[in-house]
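K.L.:
Provided below are the primary sequence and the corresponding predicted coordinates.
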Amino acid sequence: MEYRKFGNTIIARIDKGEEILEKIKEIALAENIKLANVNALGATCEMVINMIDGSVDRYFDEKIGLNVFQF
């Protein structure tokens with residue numbers, strides 16, 4: 001994996017054989033990302049991470065069976 005940060009945007013490449021979710025978590029921890037939008041494409045997984053200033057919690061909504069944003 002390699003990535004570069006440009007302001008609030010990170011451009012990353014995750015290489016063949018690397019676990020995508022593991023590498024996204026690694027980037028998030030290294031860059032202290034609490035909230036972001038991730039767009040990714042391809043089996044060599046190229047992605048753009050747009051960091052959002054702020055944080056949002058989640059809670060489990062029993063009616064729909066999913067964790068949803070809690071503001």
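P.N.:
Alright, I've got the coordinates. Here the structure is a predicted model, which is why all the values come from computation and not from measurement.
K.L.:
may I ask which helix or strand encompasses the residue of the chain most remote from its centre?
P.N.:
The C-alpha centroid of the chain is most remote from Lys63, which lies 26.5 Å away (CA atoms, centre = their mean). Counting by DSSP states H and E, no helix or strand carries Lys63.
K.L.:
now it: how far from Asp57?
P.N.:
18 Å (CB to CB, to the nearest Å). For the C-beta atoms, the positions are set from N, CA and C on the backbone; glycine is no exception.
K.L.:
show me the contacts for the residue nearest to Glu18 when sequence neighbours are not counted.
P.N.:
Here the nearest residue to Glu18 in space, its sequence neighbours aside, is Met1; by CB to CB, 6 or more residues apart in numbering that works out to 5.7 Å. Applying CB atoms under 8 Å, 6 or more residues apart in numbering, we find Met1 in contact with 12-15, 18, 23, 26-27.
K.L.:
if anything else comes up later, I'll come back, but that's it for now.
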